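>>> this is a predicted model, with the sequence first.
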Amino acid sequence: MGKQSGEKSENSQTEVIASLLETLREQHQITEHDLHRYLVQNKKKKAIRVPVSVFRSQLSPLQAFVKFLVEEERYSYAQIANLLGRDQRTIWNTYHTACIKKKERLEIEQSKYFVDLRIFSDRHLSFLEHLCMYLRERYSLRYRDIAALLGKDDRTIWTVCRRATLKNG
């Protein structure tokens, strides 16, 4: 009985989706290609989780992030610019500068801490401010622990978090 119920549910879901697609085509002139592109972009935007070890290098957090997305995740400059709400030329320049500073690939270690891409889309805080505040709030890490993860001085992390707190009011 459970299998038949599951099949009915799946068939009705398929019918609803087909009906919605037909409505989108007829009333809004949305093609399947448009819908597919939208779904792929939103899936990537939600799914990108970057290991914290990526940020432990001589690169700035933005440079490390862009280098990771280009080299490890195979994103184009346009895709990264779209995800971060920045200009494509800025992303190209950031990657180019990162490659000058660090020619080899990033060392990505196993980590239990990951950073969600979506935190960086708000331009109110700097990349490092977002990163530190995210680690502090999401994982309840102390300044010392964040500093160790990012390869920075404890006082730098405290200053960055303090500045971010003041900006947020």
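Happy to help now that I have it. Numbering: from 1, shown residues only.
>>> can you report phi and psi for the nearest residue to residue 61 once chain neighbours are set aside?
Leaving aside its sequence neighbours, residue 61 sits nearest to residue 127 (CB to CB, 6 or more residues apart in numbering; 4.1 Å). All C-beta atoms are positioned from the backbone trio N, CA, C, and that covers glycine. Per-residue torsions, residue 127: phi -60, psi -50 (degrees, to the nearest 10).
>>> just residue 12 next, same as before
Dihedral pair for residue 12: phi -70, psi -30, per degrees, to the nearest 10.
>>> so how many other residues sit close to residue 120?
As a burial measure, residue 120 scores 23 neighbours (other CB atoms under 10 Å).
>>> tell me who's in contact with the residue nearest the centre of the chain.
Central residue of the chain (CA atoms, centre = their mean): residue 117, 1.7 Å from the mean position. By CB atoms under 8 Å, 6 or more residues apart in numbering, the contact list for residue 117 reads 45, 48-50, 83.
>>> mind running it again at 6 Å?
Residue 117 sits next to residue 48 when contact means CB atoms under 6 Å, 6 or more residues apart in numbering.
>>> then residue 69?
Shown in contact with residue 69 (CB under 6 Å, 6+ apart): 75, 80.
>>> please redo it, this time with the cut-off set to 10 Å
Each residue near residue 69 by CB atoms under 10 Å, 6 or more residues apart in numbering is listed here: 44, 48, 50, 54, 75-77, 79-80, 83-84, 91, 95, 117.
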